[in-house]
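Engineer: following is a predicted model, sequence given first.
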Amino acid sequence: MSLEPQCPRCPSPVSETDGVWSCADHGPIQPLWRVTRASYDAFGDHLNRAEEFPTYLPWPMSPGWEVTDFGVVGGPRPRATVTCVAGTSPLDGPVEVVVVSEEPGTGLGARCAGTLHSDPGLQIAASSPTAKIRVGPQTIPLWTISTSDVDRTLDRSVFAGEAGGRWLWLVLRPASAMLLLADEWILCDVSDLGPQLLEIPFGGHPPAW
C-alpha cells in the first residue's frame, strides 16, 4: 500500500475495528493517509482519495526542488490535505515547506506546525496579516502563528490564513525561510494540472512531524 493510516493530530499508533479507525490518544478518528515513499504512482493514489479537495503545491516548482511528502485526511469524505516540498535557497541552504489545507477542527495543520491549538483562529483574530501568497487568481493574507507556547527552538516559521473556506497553513524550515514569501509565492491546486503532473519531481526524505 502506497498510503498508510496515521492519526491527523499526533504520531501515536492507530488501529481499525469494523471499519472504524482509532488513535491510542485521540480515540475514533478519520485517518490521515500518508505516503510511505513519495512517487508519481503514490501521488496518483493520493489525488484519487482526495477527490475534489485541493492539494496545493508551490507552482511552478523551482529547479532542484522536489515533493517529499503528501497525505489526505478522510474517510469517506476528505477533510484535509498536506504536501511537503524541499530544496535549497541561496540564503538558507536546505529548505522545507509544508502546506496544509483543512476543514476546521481537523488538527493536521497544528500537528505539522507543532502548535498547541487545532485551529489558528484566535491568533489570527488578535493580530494583523504579515505575509501574503497567491492561490490561483486570489491573493491570500497570512498571519504569523506563534509556536513559543510549545517550544522555543525557533526552528520554523508558521503562517496561517483562509482559502476557499478552509484553513491554510504554511510551515517553513528553517525559520529564516519565511523570507521566501516576500516574492509572493503562488500555490496551485495540482489536482487540476492534468498532463503537467508528469513534470513534478518526487524524492528526498519526508519531514519528521
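Structural biologist: Structure's in. What do you need? Numbers count the residues shown, from 1 in each chain.
Engineer: which strands and helices lie in contact with the helix or strand of the chain with the lowest mean pLDDT?
Structural biologist: Sorted by mean pLDDT, DSSP states H and E, the helices and strands of the chain end with helix 121-125, the least confident at a mean of 85. Counting contacts by 3 or more CB pairs under 8 Å, 6 or more residues apart in numbering; DSSP states H and E, helix 121-125 is packed against strand 138-144, strand 157-163. Just so you know, the C-beta spots here come from the backbone N, C-alpha and C atoms, and that holds for glycine as well.
Engineer: can you say which of the ones you listed is nearest to Gly109?
Structural biologist: strand 157-163 (6.8 Å; CB to CB).
Engineer: report the longest strand in this structure, please.
Structural biologist: Counting residues, the longest strand in the chain under DSSP state E turns out to be strand 78-89.
Engineer: centre of the chain versus that strand, how much separation?
Structural biologist: Relative to its chain's centre, strand 78-89 lies at 5 Å (CA atoms, centre = their mean, to the nearest Å).
Engineer: mind giving me the packing neighbours of it?
Structural biologist: strand 32-35, helix 40-50, strand 56-58, strand 66-74, strand 93-102, helix 108-113.
Engineer: the ones you listed into a markdown table, with extra columns for mean neighbour count and mean pLDDT?
Structural biologist: Shown next, in a markdown table, are these (neighbours: other CB atoms under 10 Å; pLDDT from 0 to 100):
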| stretch | mean neighbour count | mean pLDDT |
| --- | --- | --- |
| strand 32-35 | 24 | 97 |
| helix 40-50 | 16 | 95 |
| strand 56-58 | 21 | 96 |
| strand 66-74 | 24 | 97 |
| strand 93-102 | 21 | 97 |
| helix 108-113 | 25 | 96 |
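Engineer: Ser89 bridge partners, please.
Structural biologist: On the basis of DSSP bridges, Ser89 is bridged to Gly93.
Engineer: re the thing from before, next, format the helices and strands packed on strand 78-89 as a markdown table and append distance to Val135.
Structural biologist: Shown next, in a markdown table, are these (distance: least, CB to CB, whole Å):
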| stretch | distance to Val135 |
| --- | --- |
| strand 32-35 | 22 |
| helix 40-50 | 16 |
| strand 56-58 | 7 |
| strand 66-74 | 17 |
| strand 93-102 | 9 |
| helix 108-113 | 15 |
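Engineer: ok, back up a step: now tabulate the helices and strands packed on helix 121-125 in TSV and tack on mean pLDDT and distance to Leu3.
Structural biologist: Shown next, in TSV, are those (pLDDT from 0 to 100; distance: least, CB to CB, whole Å):
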stretch	mean pLDDT	distance to Leu3
strand 138-144	96	28
strand 157-163	96	24
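Engineer: quick one, which of those strands is nearest to Trp33?
Structural biologist: strand 157-163 (21.7 Å).
Engineer: parallel or antiparallel, which strands does the closest one pair with?
Structural biologist: Counting by DSSP bridges, strand 157-163 is paired with strand 138-144 (antiparallel), strand 166-173 (antiparallel).
Engineer: show me what that strand is in contact with.
Structural biologist: 101, 109, 113-115, 120, 123-124, 129-131, 135, 138, 140-147, 167-173, 175-178, 181 (CB atoms under 8 Å, 6 or more residues apart in numbering).
Engineer: okay then, goodbye and thanks.
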